[in-house]
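Provided below are the primary sequence and the corresponding predicted coordinates.
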Amino acid sequence: MVFSRVMAAVLGGYALSSAFIILLAELIPGTLADAVLTATLFSFAIYTAAIIWVFSVRTATLAWGGMLFVTALCYGAAQLLKMLGGAA
């Protein structure tokens, strides 16, 4: 159980923060370099929050499910923004 949560925190948190970077870079106006840098700075807080969340939920299954759901949601929203031309 602990190993599963650690893997959810490490791998799921990384995937979530990466998907969040992609989404936030699409939402921030300005140059692409500035948007990616700003999104990357926010990703440290998202990664930390994801790790805390993984160890605060009741089961490891809920940790994995929540992590995958939010990651897919962020990534899907980013892809939709890219198809629509982005916000910037």
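The structure has been received and is ready for your questions. Numbers count the residues shown, from 1 in each chain.

can you give me the helices in this protein?
2-7, 13-27, 32-56, 60-83 (DSSP state H).

distance between the third one and the chain's centre?
What that stands for is helix 32-56. Distance of helix 32-56 from the chain centroid (CA atoms, centre = their mean, to the nearest Å) equals 7 Å.

about what we covered before: need the helices of the chain in a markdown table (columns: mean pLDDT).
Below are these laid out as a markdown table (pLDDT from 0 to 100):
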| stretch | mean pLDDT |
| --- | --- |
| helix 2-7 | 93 |
| helix 13-27 | 93 |
| helix 32-56 | 93 |
| helix 60-83 | 94 |
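
Including mean neighbour count, could these go into CSV?
C-beta: built from backbone N, CA, C; applies to glycine. Output for those, formatted as CSV (neighbours: other CB atoms under 10 Å):
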stretch, mean neighbour count
helix 2-7, 13
helix 13-27, 20
helix 32-56, 15
helix 60-83, 16
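
Please tell me how far the most centrally placed residue in the chain sits from residue 34.
For the chain, the residue sitting closest to the mean C-alpha position, by CA atoms, centre = their mean, is residue 16 at 2.6 Å. Residue 16 sits 23 Å away from residue 34, taking CB to CB, to the nearest Å as the criterion.

again, but for residue 82
Plainly put, residue 82 is 18 Å away from residue 34 if you go by CB to CB.

can you check residue 69 too?
For residue 69 relative to residue 34 (CB to CB), the value is 30 Å.

Check residue 65 too.
From residue 65 over to residue 34 the distance is 34 Å, taken as CB to CB.
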